[in-house]
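Asker: structure of the sequence below:
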Amino acid sequence: MKYSQVLKKTILRRVFPPQNESVYDISKELDISVSTIYNWIKQAENDTIDNKDVPPNRRSAKEKFRLLINSKSVAQDKMGEWLRLHGLHSEHLSQYEQEVADIVANRIDKREEDRKRLIKENKELKRDNRKQEKALAELAALLTLKKKAQAIWGDDEEE
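Answerer: Coordinates of the predicted model:
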């Protein structure tokens with residue numbers, strides 16, 4: 001069944017703060033499947049639904065970043081109107097900037113940790129490779145000596 005955007009937004013407003021109503025209660029009241037409502041919540045969080053009416057603290061990182069970028073192109077005298085249009089306050093933009101900066105810093109830290117781990121693994125693999133090459137060289141030398149010994153003294157099996 002197709003539900004209107006207005007109904008979806010109304011239900012999302014009821015589920016998200018400040019109302020924080022139970023999905024199950026809303027489901028029973030409106031005779032809408034619980035899984036449908038959870039899908040709408042997931043869509044709102046993943047920015048795949050028109051979510052201007054989703055509370056600022058429940059928006060996805062992708063949506064927050066998009067809003068930050070868009071806010072930079074808005075003239076200062078039009079900023080209030082733009083904020084109202086998107087259901088934001090100026091402090092939300094500051095909060096979003098900090099969150100995006102933290103995400104970027106965490107990703108940079110994680111990449112640096114991964115790089116260091118890979119360098120260490122590479123060194124260990126090279127060391128293991130050198131050990132194996134030495135063992136193979138020793139084995140080849142022993143086989144050569146065994147063949148020479150057999151050629152000089154003959155096979156033990158013949159006696």
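
Asker: let's check: the centremost residue of this protein is which one?
Answerer: Arg107 (9.3 Å; CA atoms, centre = their mean).

Asker: any weak-confidence spans in the protein?
Answerer: 1, 47-54, 156-159 (pLDDT under 70).

Asker: and stretch 7-22, how far out from the chain middle?
Answerer: Counting by CA atoms, centre = their mean, to the nearest Å, stretch 7-22 is centred 27 Å from the centre of its parent chain.

Asker: repeat for stretch 88-95
Answerer: On CA atoms, centre = their mean, the centre of stretch 88-95 falls 24 Å from that of its chain.

Asker: could you do stretch 125-133 as well?
Answerer: On CA atoms, centre = their mean, the centre of stretch 125-133 falls 35 Å from that of its chain.

Asker: what's the spacing between Lys120 and Glu113?
Answerer: Using CB to CB, to the nearest Å, Lys120 is found at 11 Å from Glu113. Placement of C-beta: from N, CA and C, glycine included.

Asker: which residues in the protein form strands?
Answerer: Assigned by DSSP state E, the chain shows no strands.

Asker: mind giving me the domain ranges of this protein?
Answerer: 1-59, 61-151 (automatic domain parsing).

Asker: most tightly packed of those?
Answerer: Compared across the domains of the chain, domain 1-59 shows the largest average neighbour count, a mean of 14 (mean count of other CB atoms under 10 Å).

Asker: Gly154 - how many residues pack around it?
Answerer: 10 (other CB atoms under 10 Å).

Asker: where do the helices sit along this structure?
Answerer: Taking DSSP state H to define them, one finds helices in the chain at 5-15, 23-30, 34-45, 61-72, 79-85, 90-153.

Asker: angle of the fourth one against helix 34-45?
Answerer: Between the axis of helix 61-72 and that of helix 34-45 there is an angle of 40 degrees, by axes from the mean of the first three to the mean of the last three CA atoms, to 10 degrees.

Asker: thanks a lot, catch you later.
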